[in-house]
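Asker: I'll drop the sequence and a predicted model, then ask my questions.
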Amino acid sequence: MPIRLSLPPTFRDRLEAADRPQAGMWVCTGSPLVAEICAGSGLDWLLIDGEHSPVGLETITALLQAVAPYPVTPVVRAPSGDAVVLKQLLDLGVQNVLVPMVDTAEQAHDVVRAVRYPPRGVRGVGSALSRGARWNRVENYLADADRHVSLFVQVESVAGVENAALIAGVDGVDGVFVGPSDLAASMGVLGQQTHPAVTAAVRRTFEAVCAAGKPVGVNAFDPAVAQAYLDAGASFVLTGADVALLARGAETLADRWCAQG
């Protein structure tokens with residue numbers, strides 16, 4: 001008789017149950033050991049980055065296994081909204097997906113269909129072979145798959161801001177994450193995430209997403225900026241990254257011990 005397993009709550013569930021905004025950090029090194037250290041920090045969630053980091057499918061599997069024993073919710077940013085990539089991520093056990101560069105409601109509809117089984121979507125059926133269903137040890141996984149997966153999309157362009165209300169209104173989109181870095185580039189102020197025009201666009205996106213009844217989040221490493229966005233309605237934030245903490249920490253050591261004389 002096989003063991004019957006239960007999957008943890010999704011990030012959608014965590015946000016709905018939370019009585020405060022959820023704070024998290026990026027996991028970009030690809031190291032399961034570093035991911036485990038971050039998972040035990042007391043933060044609410046981790047974003048495992050598959051877009052700008054050297055992290056592939058096997059590494060994501062190892063990272064999820066490393067953080068699984070800890071009371072933290074892992075979200076994985078896909079490299080794109082490609083349906084094949086999303087299918088692979090879900091099958092290897094990703095429950096919470098963030099899709100970057102979503103500019104229109106049509107794109108949002110496409111990624112929703114990619115993470116749902118027919119007839120509501122186009123996700124390929126491989127649950128008996130996959131960690132996502134714990135190799136058929138999660139009872140009724142196919143019937144309940146939508147309950148086990150949460151989907152967030154990233155708005156990070158002028159077009160995305162203009163279409164934020166429509167994107168957030170798509171059934172199956174569980175929340176919107178705003179990326180000020182690419183938004184700044186899209187607005188012609190590359191590298192100026194706190195430019196007044198950029199922060200104003202972020203706040204407009206917040207208003208549109210909240211009006212659609214969906215949670216909205218943002219990336220902000222500056223504590224003052226992060227707090228301002230929380231005050232403006234953000235339900236979840238990323239306030240640091242493993243690679244940034246390591247880089248700045250190493251620089252602090254060098255400044256202290258190598259800059260003498």
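Answerer: On my side now, so go ahead.

Asker: list the buried ones in stretch 102-120?
Answerer: For stretch 102-120, burial by neighbour count (16 or more other CB atoms under 10 Å) applies to 102-103, 105, 107-117. Bear in mind the C-beta positions are built from the backbone N, C-alpha and C, glycine included.

Asker: and these, which two are the farthest apart?
Answerer: Asp103 and Tyr117 (25.9 Å; CB to CB).

Asker: can I get stretch 175-183 in PDB? Just the C-alpha atoms.
Answerer: These are the backbone C-alpha positions of stretch 175-183, laid out as PDB (Å, rounded to 0.1, in the frame of the first residue of the first chain):
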ATOM      1  CA  GLY A 175      -1.200  37.800  -8.300                       C
ATOM      2  CA  VAL A 176       1.100  40.300 -10.000                       C
ATOM      3  CA  PHE A 177       4.700  41.000  -9.200                       C
ATOM      4  CA  VAL A 178       6.100  44.300 -10.400                       C
ATOM      5  CA  GLY A 179       9.700  44.500 -11.500                       C
ATOM      6  CA  PRO A 180      11.100  48.000 -11.300                       C
ATOM      7  CA  SER A 181      14.400  47.200 -12.900                       C
ATOM      8  CA  ASP A 182      13.000  46.200 -16.300                       C
ATOM      9  CA  LEU A 183      10.300  48.800 -15.900                       C
END
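
Asker: model confidence over it, on average?
Answerer: Throughout stretch 175-183, pLDDT has a mean value of 98.

Asker: stretch 42-58 too?
Answerer: 97.

Asker: how far away is the residue lying closest to Cys28 once chain neighbours are set aside from Thr61?
Answerer: With sequence-adjacent residues excluded and distances taken as CB to CB, 6 or more residues apart in numbering, Cys28 is closest to Ser53, at 4.2 Å. Remark: distance between Ser53 and Thr61 (CB to CB, to the nearest Å) = 15 Å.

Asker: okay, now Glu143: neighbour count?
Answerer: For residue 143 the amino acid is Ala, not Glu. By other CB atoms under 10 Å, the residues close to Ala143 number 9.

Asker: helix or strand right after the helix or strand containing it?
Answerer: Per DSSP states H and E, Ala143 falls inside helix 141-148. Going down the chain from helix 141-148, the next helix or strand is strand 150-155, by DSSP H and E.

Asker: isn't Leu46 right up against Gln22?
Answerer: No: Leu46 lies out of contact with Gln22 (CB atoms under 8 Å); the separation is 10.8 Å.

Asker: sorry, back to before: so where does the residue nearest to Cys28 fall, helix or strand?
Answerer: Here Ser53 is assigned to no helix or strand, by DSSP H and E.

Asker: ok, now Leu7?
Answerer: Per DSSP H and E, there is no helix or strand for Leu7.

Asker: for the stretch 1-150 of the chain, give me the ranges with low pLDDT.
Answerer: The stretch 1-150 of the chain contains residues with pLDDT under 70 at 1-2.

Asker: what's the helix or strand Glu16 falls within packed up against?
Answerer: The secondary structure element spanning Glu16 is helix 11-17 (assigned by DSSP H and E). Judged by 3 or more CB pairs under 8 Å, 6 or more residues apart in numbering; DSSP states H and E, helix 11-17 is in contact with strand 73-77, strand 150-155, strand 175-178.
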